[in-house]
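Q: Structural data only, the sequence is not supplied:
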């Protein structure tokens, strides 16, 4: 999982609360690897200094 912070334009988050539709960008905060069968976090990583995905959209689960 990649936890991100949404970045909005000057209008901020609109009243409908649709973060994915209104975020102009997302700032990565932390990458977390989870073993679902063990119900445990197996690793955490800070975001890379050089953006791996650059300006590409990444899937959100």
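A: Received the coordinates, thanks. Source: prediction; values computed, not measured. Residues are numbered from 1 along each chain as shown.
Q: Need the contact partners of the helix or strand bottoming out on mean pLDDT in the chain.
A: Averaged element by element with mean pLDDT, DSSP states H and E, the chain has its least confident helix or strand at helix 19-22 (a mean of 80). Applying Cβ atoms under 8 Å, 6 or more residues apart in numbering, the contact partners of helix 19-22 are 6, 8, 13-14, 60. Backbone N, C-alpha and C define where each C-beta goes, glycine included.
Q: Farthest pair within those residues?
A: 14 and 60 (18.2 Å; Cβ to Cβ).
Q: Show me where this protein has its strands.
A: Secondary structure of the chain by DSSP state E: the strands cover 2-7, 25-35, 40-45.
Q: out of those strands, nearest to residue 18?
A: Using Cβ to Cβ, these put strand 2-7 closest to residue 18, at 10.5 Å.
Q: can you give me how far that closest one is from the chain middle?
A: Centroid displacement of strand 2-7 relative to its chain, using Cα atoms, centre = their mean, to the nearest Å, is 3 Å.
Q: Next one: residue 37 from residue 16, what distance?
A: Residue 37 is 37 Å from residue 16, where distance means Cβ to Cβ, to the nearest Å.
Q: Number of residues surrounding residue 32?
A: As a burial measure, residue 32 scores 13 neighbours (other Cβ atoms under 10 Å).
Q: so who does the residue lying closest to residue 2 once chain neighbours are set aside touch?
A: Leaving aside its sequence neighbours, residue 2 sits nearest to residue 31 (Cβ to Cβ, 6 or more residues apart in numbering; 5.1 Å). Counting by Cβ under 8 Å, 6+ apart, residue 31 makes contact with 1-3, 44-47.
Q: Just the buried residues of those.
A: Taking 16 or more other Cβ atoms under 10 Å as the criterion, what is buried in the contacts of residue 31 is residue 2.
Q: which one among the contacts of residue 31 gets closest to residue 26?
A: For the contacts of residue 31, the nearest to residue 26 is residue 2 (8.8 Å; Cβ to Cβ).
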